[in-house]
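Participant: need coordinates for the following:
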Amino acid sequence: MKLRYIGILFMFFSVLNGTVYSQSINTIKKDKEKSEKEIAYLNKLLEEAKNNQSVSVEKLKIIQEKIAQSKSLINSLQQEVSYLEKQIDRNEVRISELSLNRGSMLNMYGKLVYGLWKKRNKAYRLMFIFASSDFNQAYNRYKYFEQIQSYSKRQLALIEQTNDSLNIKNTELKKYRDLKHVALNDIDVKSKDLIQQQATENSLISDLKKKEKQIVKKLNIEAKNRERLERELNKLIASQAKKSGGTSSKYKLTPEEKLVSDDFSRNKGKLPWPVTQGIISEKFGINPHPVYKDVMMSNNGINITTSKNAEVRAVFNGEVTDISLMPGLNNAVIIRHGNYLTVYANLIYLNVKKGDKVNTKQVIGKVAHDNEKGSVLSFQVWNNLEKQNPELWLAK
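Facilitator: Below is the predicted model of the structure:
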């Protein structure tokens, strides 16, 4: 009973171990595919930026993001190699065990065959049975020959099964070794490409440092534009809160608006992106400049760099509560979702107007394109007067 219990436990942990390995390689593959997809999109953005011969901070950000994704991809490939090495080791151990078992079974089978060969004469078997002292002994001798033949057949079947298992394990071993070889080649290629990317990054930083006065001047203008947008949003929120019958800092909801607000809140981390493809080129909060690390830029939302002529979509059902034309940010569309507001700045070719009801993923306009900056959407999320980190609200 104890041996049976130990056997069941062994089988359980073997299956569990296999499941963990399966989950591990699936996670590694998903991470690798995600990085490859991101790198392909970043290459597309860099291709668009080629038309602009001037050196820009946005181009540097794309290169830096590509470097980060390349490092992530190399890390996934290294994890894949590590996983394959473990599988190779496990298969080699199993092949060794099967070979040893087959050797023992062949040795036993050889002895059985030789013994049967010596007793192959039917007359000898009959004489051996008839020489018994009584009927019971004769019957036992007869059954002995039957059991020997039956056992030899079972032993042969086990040898054949072991041979099949060995063939399967040897095939798996070859597959894992081939995959490891491919992964190692990929690491080599990606590592060389990473070195080139880092050289490009250093070259861009060097060129941008020569334009310090020009860049700092542009940064000051951009900072003022962001402050202007923040002031306008604060005024708008306070004004609408008073009109709703609430306080200057809190909007009073109708029953219908409360349903929308609660629904929006429940979808934190699940909201669709405002563009179908893009990278976060500037995060929420205080960010150091990619070249001048002592220069800090405050962002009340996130900047999403996307493709030229990219369409912008509402991230949730709501009502267009305001549209403002902002210096340096083109059109800013503000959509209310109960207590929450989503802000989409740097838009052109608007498809909506103030007072329009919009649905999730409804196109509201396009991202404006600048020859130097590219296509950058400024996206913000507010809860009344409280600024939210949009990255935490969007689906991964």
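
Participant: make it CA atoms for all contacts and neighbour counts henceforth
Facilitator: Noted.

Participant: not counting its neighbours along the chain, what's nearest R177?
Facilitator: Closest residue to R177 apart from its sequence neighbours, by C-alpha to C-alpha, 6 or more residues apart in numbering: I88 at 7.1 Å.

Participant: what strand or helix carries that neighbour?
Facilitator: Element membership for I88 (DSSP states H and E) is helix 57-118.

Participant: so what does that helix touch, helix or strand wise?
Facilitator: helix 2-49, helix 135-209, strand 279-282 (3 or more C-alpha pairs under 8 Å, 6 or more residues apart in numbering; DSSP states H and E).

Participant: for these, which has the smallest mean pLDDT value?
Facilitator: Among the helices and strands packed on helix 57-118, helix 2-49 carries the lowest mean pLDDT, at a mean of 67.

Participant: wait, is T321 part of a strand?
Facilitator: Yes. The assignment for T321 is a strand, going by DSSP: H, G, I helix; E, B strand; the rest coil.

Participant: close enough to count as contact, it and R336?
Facilitator: Yes. Assessed by C-alpha atoms under 8 Å, T321 is found in contact with R336 at 6.0 Å.

Participant: which one's more surrounded, these two?
Facilitator: The residue with more neighbours, out of T321 and R336, is R336; 24 against 19, by other C-alpha atoms under 10 Å.

Participant: what helix or strand is that one located in?
Facilitator: strand 330-337.

Participant: could you pull out the buried residues of that strand?
Facilitator: Under the neighbour-count criterion of 16 or more other C-alpha atoms under 10 Å, strand 330-337 has 331-337 buried.

Participant: quick one, helices of the stretch 251-396 of the chain?
Facilitator: 255-266, 390-393 (DSSP state H, counting those that start in this stretch).

Participant: which one of the ones you listed lies nearest to E97?
Facilitator: Nearest to E97 among those is helix 390-393 (51.3 Å), distances taken as C-alpha to C-alpha.

Participant: return the distance of the closest one from the chain's centre.
Facilitator: A distance of 17 Å separates the centroid of the chain from that of helix 390-393, by C-alpha atoms, centre = their mean, to the nearest Å.

Participant: now stretch 309-319
Facilitator: Centre to centre, stretch against its chain (C-alpha atoms, centre = their mean), the figure for stretch 309-319 is 25 Å.

Participant: circling back to that earlier point, report the contact partners of the residue nearest to R177.
Facilitator: 173, 176-177 (C-alpha atoms under 8 Å, 6 or more residues apart in numbering).
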